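S.K.: With the input below, show me the fold.
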Amino acid sequence: MKEHFINELQRLDSLITAQGRQVEMLIGQAIDAYAAGNIPLARKVVAGDAAIDSEEIRIEEECLKILALHQPVASDLRTVASVFKINACLERIADFGTHIAERVERMSACLADPAVEKVDFAPMQYMVLNMLHETVEVIDRRDTMKAYSIIKNDSGVDDCHRCVLESCLQHLRKAPANAEYYVDCIGISRDLERMADIATDICEHIIYQETGKIIRHQG
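M.R.: Model prediction:
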């Protein structure tokens, strides 16, 4: 029975890592779709969100099954509880990626118009994608040192978000005719900022899973 329980925990770890990699790929595609104004790729991202949702439900059911059948305690209980929370976090990150992809089609005209001053998301996109990639590595390896490092990096994304907001407001004053484009840019910036926030949440869950320390709400 113990061996079966260990196998189920290992399978749960494999499922959540695979889900993390799938979400990371979806976010990369969403960012690529915006950068290139690629409408077919954006639609692919939106369609792909359904698979993330289905897998989220499957992993949740696996967690509940383990809790019901094995009644884990101590570190095993922390593992199941952490996977349960991380699973929901990954699904939310995918939703924010879908929001970006959904904006691409209506922004396409402005993205293709050289007369429209574009908002530069490159630094923010790079930071967020790097955070997501490293967060998946943290999930896979349970690397608490890297988790702490990722949490510290979140402030850099917040700084980028503020810069984008200021840039969009300036553009809105100069070119109110392009207001819809800049409002969408503000939305994209907010989506990227929320992804980084949720990545830090995942790292906090991993730290709790491995050490038992709760570091949420500690500044």
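S.K.: Quickly find the element holding residue 90.
M.R.: Secondary structure assignment for residue 90, by DSSP states H and E: helix 74-112.
S.K.: So for that helix, mean pLDDT?
M.R.: Averaged over helix 74-112, pLDDT sits at 95.
S.K.: How about the contacts made by the residue most central in space within the chain?
M.R.: Centroid-nearest residue in the chain: residue 93, 3.2 Å away (criterion: C-alpha atoms, centre = their mean). For residue 93, the contact set (C-beta atoms under 8 Å, 6 or more residues apart in numbering) comprises 23, 27, 132, 195, 198, 199. Every C-beta, even on glycine, is put in place using the N, C-alpha and C of the backbone.
S.K.: One more: residue 97?
M.R.: Residue 97 sits next to 23, 26, 27, 29, 30, 31, 45, 49, 191, 195 when contact means C-beta under 8 Å, 6+ apart.
S.K.: now residue 35
M.R.: Here residue 35 is in contact with 121, 125 (C-beta under 8 Å, 6+ apart).
S.K.: If you rank the contacts of residue 97 by neighbours, which is first?
M.R.: Counting neighbours by other C-beta atoms under 10 Å, residue 30 leads the contacts of residue 97 with 32 neighbours.
S.K.: quick one: the strands in this protein?
M.R.: Here the chain has no strands by DSSP state E.
S.K.: how about the helices in it?
M.R.: Along the chain, counting by DSSP state H, helices occupy 2-36, 39-70, 74-112, 122-141, 144-174, 179-211.
S.K.: Next, format the ones you listed as a markdown table and append distance to residue 218.
M.R.: Shown next, in a markdown table, are these (distance: least, C-beta to C-beta, whole Å):
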| stretch | distance to residue 218 |
| --- | --- |
| helix 2-36 | 25 |
| helix 39-70 | 26 |
| helix 74-112 | 17 |
| helix 122-141 | 19 |
| helix 144-174 | 10 |
| helix 179-211 | 9 |
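S.K.: Just give me the neighbour total for the closest residue to residue 174 other than its chain neighbours.
M.R.: Leaving aside its chain neighbours, residue 174 sits nearest to residue 117 (7.7 Å; criterion: C-beta to C-beta, 6 or more residues apart in numbering). Using other C-beta under 10 Å, residue 117 is surrounded by 15 other residues.
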